[in-house]
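*Asks:* coordinates only, sequence not included:
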């Protein structure tokens, strides 16, 4: 895929890419076609399901937009948030609902048939920068995180833990986080700690999982950890931290390169 200049990746759905530029435009691109939609506000997060886009705008408005009719089926303004972490989670389409991770520490649940809000869950109301940076579902479990708190909702049981989170990924029913203090922690879906390892002076930038866990360290190293955390390798790996780094599954992307 080749995105036009000045575009930033947001999300992917099967073989379709969502991207934005600085002109309040959203691009929906597959291998053969590209659709462009212009809105009154910049889109900062989104997801595609059939002909519907679930969108989050920079003013914390959430919306469902029909790309065929080019009309909003649902639009609702959330409480404004003046300071946000640059990591912003995308909405998730489930069978009959859409989960919208907001900029003010909440998840808004919207009925995808009647297009009405049916519930709101607060993940983090205590800190100034509390936008949702991670949102995934696996089976009956939902995992959500802000920069300072991680939450697991499973069978109506809520568990929370507080860390200063640099990155978080979900792989094979385990959660991995990197903290500001240079620690990498492995949890089960109920947030029980399985393994942890601290790297002194490390400033971990991003996590990805191939056959092993990899942590990109911003001072020029790539840390490799086996799944049991017993074996570690450190590779010299220079990269320009001014480029946006993106981790998708087992690939780390840097500008127009990847590993």
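*Replies:* Okay, I see it. Please read these numbers as outputs of a predicted model, since none were measured by experiment.

*Asks:* Which strands or helices does the one helix or strand residue 150 maps to pack on?
*Replies:* Element membership of residue 150, judged by DSSP states H and E, is strand 149-154. Contact here means 3 or more CB pairs under 8 Å, 6 or more residues apart in numbering; DSSP states H and E; on that basis strand 149-154 packs against strand 141-145, strand 157-162, strand 174-179. No exception for glycine: its C-beta is placed from N, CA and C like everyone else's.

*Asks:* how about a cut-off of 10 Å?
*Replies:* strand 117-122, strand 134-138, strand 141-145, strand 157-162, strand 165-171, strand 174-179, strand 183-187 (3 or more CB pairs under 10 Å, 6 or more residues apart in numbering; DSSP states H and E).

*Asks:* what bits of the stretch 51-200 of the chain have low per-residue confidence?
*Replies:* Under the criterion of pLDDT under 70, none of the stretch 51-200 of the chain is flagged as low confidence.

*Asks:* Just put the helices and strands packed on strand 149-154 in TSV and tack on distance to residue 210 and mean neighbour count.
*Replies:* Written out in TSV, the entries for the helices and strands packed on strand 149-154 read as follows (distance: least, CB to CB, whole Å; neighbours: other CB atoms under 10 Å):
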stretch	distance to residue 210	mean neighbour count
strand 117-122	33	13
strand 134-138	18	18
strand 141-145	21	22
strand 157-162	26	13
strand 165-171	10	20
strand 174-179	13	22
strand 183-187	15	21
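
*Asks:* Need those strands in JSON lines (columns: distance to residue 110).
*Replies:* Formatted as JSON lines, these follow (distance: least, CB to CB, whole Å):
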{"stretch": "strand 117-122", "distance to residue 110": "6"}
{"stretch": "strand 134-138", "distance to residue 110": "14"}
{"stretch": "strand 141-145", "distance to residue 110": "15"}
{"stretch": "strand 157-162", "distance to residue 110": "20"}
{"stretch": "strand 165-171", "distance to residue 110": "23"}
{"stretch": "strand 174-179", "distance to residue 110": "25"}
{"stretch": "strand 183-187", "distance to residue 110": "28"}
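
*Asks:* list the contacts for the residue nearest to the spatial centre of the chain?
*Replies:* For the chain, the residue whose C-alpha lies nearest the mean C-alpha position (CA atoms, centre = their mean) is residue 89; its distance is 3.5 Å. With contacts taken as CB atoms under 10 Å, 6 or more residues apart in numbering, residue 89 has the following neighbours: 11, 45, 56, 99-102, 107, 131-136, 144-146, 168.

*Asks:* Pairing partners for residue 221 in the sheet, please.
*Replies:* residue 217, residue 236 (DSSP bridges).

*Asks:* Can you tell me how far it is from residue 9?
*Replies:* The spacing between residue 221 and residue 9, counted by CB to CB, to the nearest Å, is 25 Å.
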